[in-house]
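**Student:** one predicted model, sequence on top.
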Amino acid sequence: MAARKSLGGAGLPPLADLFSTSEERALEAQTQERVMMLPVSELHDFPGHPFQVRDDEEMGKLAESISQHGVLMPGLVRPRAAGGYEIVAGHRRKFASMKAGVREMPVIVRDMDDDTAVILMVDSNVQRENVLPSEKARAYKMKLDAIKRRAGRPGKENSGQLDQNFLNPYSVEKIAQDAGESTKQVQRYIRLNELIPELLEMVDGNEIKFNPAYELAFLRPEEQTVLHDILQAEEVTPSLSQAQRLKRASQEGRLSEQDIAVIMREEKAQTRDTGKVTLPAKEIEQFFPKSYTPEQKKKVIVKLLASWARQRGEQER
């Protein structure tokens, strides 16, 4: 829409207002983006938001910054049918504001449909540091589903700052381009959604590496459940070779509980004396806040071991 021009006289309306109806002016007012200061109590989480908001060291720094300077970058929200606003981008800023005791934060209010909101939500979060594999898996799947729905409907001028024509074909290639990943890697992340929650949690905890996890995602859910029980009982993790063997046997319809146990125990016998120390998550998670990432837990453990080594050295002097 062309910019409005003033008539120049004091108190006179813009030229556009003289030649537009009241309904047209009301529509323009509704569609213009605006930055508003809103109470954080009116900002609601995005349904199915795949990214965790962790109360970690980085969150503490963000809260301290907000307490001193306020929220420097507005969040992005859309009106919510049930009242208030739905956060598209800014979940961490809202949490940090609450942590800092700040009751309001600046947001851009934008009307958008569900699929546009999903795409913007994913794009604004997926390139953050310390994004877990499960978060990427769910986010890429949500975005792919949204893109497919948009491609199957008539185009609408409702893409906001996306500046994209949704009539054009969209696919995993587009998601990969936006995220700076290879197409194959995005496909592999999306496949992780087929893992049972217990195994996906082990992937997040780095107990199962990404490549073996991708292969295991082809197992049937009941096979994955048996595998998880064996991994916990035997205190082992599958290698890529093991995962590929399990996948092949499953696809051939010959993967029994005994087969899973045999494959996993073979690896245990081969690696028993390699000097590798494995700490099962269930044994150490009781000592950490639930919000701690695997990397944070590792840093704490290494720091405690360093302190223990210093104490031993002093005692032996």
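**Tutor:** Now that the structure is in, tell me what you want to look at.
**Student:** ok, for Gly70, nearest residue in space, not its chain neighbours?
**Tutor:** Distances taken as Cβ to Cβ, 6 or more residues apart in numbering place Val102 nearest to Gly70, at 7.1 Å, with adjacent residues excluded. In this view, the C-beta of every residue, glycine as well, is placed from N, C-alpha and C.
**Student:** same thing with Leu38?
**Tutor:** Looking at Leu38 with Cβ to Cβ, 6+ apart, the closest residue is Val107, at 5.5 Å.
**Student:** now do Pro106
**Tutor:** Leaving aside its sequence neighbours, Pro106 sits nearest to Pro74 (Cβ to Cβ, 6+ apart; 4.1 Å).
**Student:** Met202 now?
**Tutor:** Distances taken as Cβ to Cβ, 6+ apart place Ile208 nearest to Met202, at 4.5 Å, with adjacent residues excluded.
**Student:** for that neighbour, give me the pLDDT.
**Tutor:** Listed pLDDT for Ile208 reads 97.
**Student:** what do you get for Pro289?
**Tutor:** 79.
**Student:** can you give me the neighbour number for it?
**Tutor:** 11 (other Cβ atoms under 10 Å).
**Student:** ranges for the helices of the stretch 1-150 of the chain?
**Tutor:** Along the stretch 1-150 of the chain, counting by DSSP state H, counting those that start in this stretch, helices occupy 15-18, 22-31, 57-69, 91-99, 114-123, 133-151.
**Student:** out of these, flag the one nearest Ala306.
**Tutor:** Closest of the helices of the stretch 1-150 of the chain to Ala306 is helix 57-69, at 18.3 Å (criterion: Cβ to Cβ).
**Student:** domains in the chain, by residue range?
**Tutor:** 15-111, 113-192, 195-270 (automatic domain parsing).
**Student:** Val53: how many residues sit nearby?
**Tutor:** 15.
**Student:** likewise the one 10 residues further on?
**Tutor:** Other residues near Ala63 number 21, with proximity taken as other Cβ under 10 Å.
**Student:** isn't it right up against Arg93?
**Tutor:** No - counting by Cβ atoms under 8 Å, Arg93 is not a contact partner of Ala63; they are 9.9 Å apart.
**Student:** now do the contacts for Val71.
**Tutor:** Contacts for Val71 (Cβ atoms under 8 Å, 6 or more residues apart in numbering) come out as Arg93, Ser97, Val102, Met105, Pro106.
**Student:** ok now do the closest residue to Phe95 other than its chain neighbours, which residues does it touch?
**Tutor:** Leaving aside its chain neighbours, Phe95 sits nearest to Val53 (4.9 Å; criterion: Cβ to Cβ, 6+ apart). Contacts for Val53 were tallied using Cβ under 8 Å, 6+ apart; they are Met59, His91, Arg92, Phe95.
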